[in-house]
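Peer 1: A predicted structure for the sequence below; I have some questions about it.
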Amino acid sequence: MQNEILIDLVTKRMPFGKYKNSLICDIPEHYLIWLHRQGFPEGKLGMWLSTMYEIKLNGLDHLITELKKRYK
């Protein structure tokens with residue numbers, strides 16, 4: 001399941017807002033922090049954004065770097 005979530009982060013796009021159509025993994029940290037303060041949306045999108053927030057917050061970007069290249 002975790003691999004599937006990481007793949008989703010590099011293949012799914014933000015459906016709304018300032019970063020509409022950006023890959024979830026490409027959303028800047030400052031925007032993820034803002035979303036965290038506002039509350040992430042419900043469902044899969046909220047889970048993806050929350051996961052990306054945790055990855056960036058903890059400096060774990062390397063987890064998705066290779067996947068992004070593979071799924072480009």
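Peer 2: Yes, it's here.
Peer 1: Give the residue spans of the chain that score low on pLDDT.
Peer 2: For the chain, applying pLDDT under 70 flags the ranges 1.
Peer 1: how about the helices in it?
Peer 2: 2-11, 29-38, 43-57, 62-70 (DSSP state H).
Peer 1: Determine which stretch of the ones you listed is the most buried.
Peer 2: For the helices of the chain, average neighbour numbers computed from mean count of other Cβ atoms under 10 Å are highest in helix 43-57, which has a mean of 16. (C-beta placed from N, C-alpha, C; glycine too.)
Peer 1: Could you check the angle it makes with helix 2-11?
Peer 2: Counting by axes from the mean of the first three to the mean of the last three Cα atoms, to 10 degrees, helix 43-57 lies at 90 degrees to helix 2-11.
Peer 1: Residues touching helix 43-57, excluding its own?
Peer 2: When contacts are defined by Cβ atoms under 8 Å, 6 or more residues apart in numbering, helix 43-57 is touched by residues 5, 8-9, 12, 15, 24-25, 27, 29, 32-33, 35-36, 40-41, 60-61, 63-64.
Peer 1: Now do that helix and helix 62-70, the angle between them.
Peer 2: Going by the same axes, to 10 degrees, helix 43-57 makes 120 degrees with helix 62-70.
Peer 1: Just the CA trace of helix 43-57, in CSV.
Peer 2: Output of helix 43-57 as CSV, limited to C-alpha atoms (Å, rounded to 0.1, in the frame of the first residue of the first chain):
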residue,chain,number,x,y,z
GLY,A,43,-10.3,11.5,1.0
LYS,A,44,-7.4,10.4,-1.0
LEU,A,45,-6.3,14.0,-2.0
GLY,A,46,-6.0,14.9,1.7
MET,A,47,-4.0,11.8,2.4
TRP,A,48,-1.7,12.5,-0.5
LEU,A,49,-1.2,16.1,0.5
SER,A,50,-0.6,15.1,4.2
THR,A,51,1.9,12.5,3.1
MET,A,52,3.7,15.0,0.9
TYR,A,53,3.7,17.5,3.8
GLU,A,54,5.4,14.9,6.1
ILE,A,55,7.9,13.9,3.4
LYS,A,56,9.0,17.5,2.8
LEU,A,57,8.9,18.5,6.5
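Peer 1: That'll do, ta.
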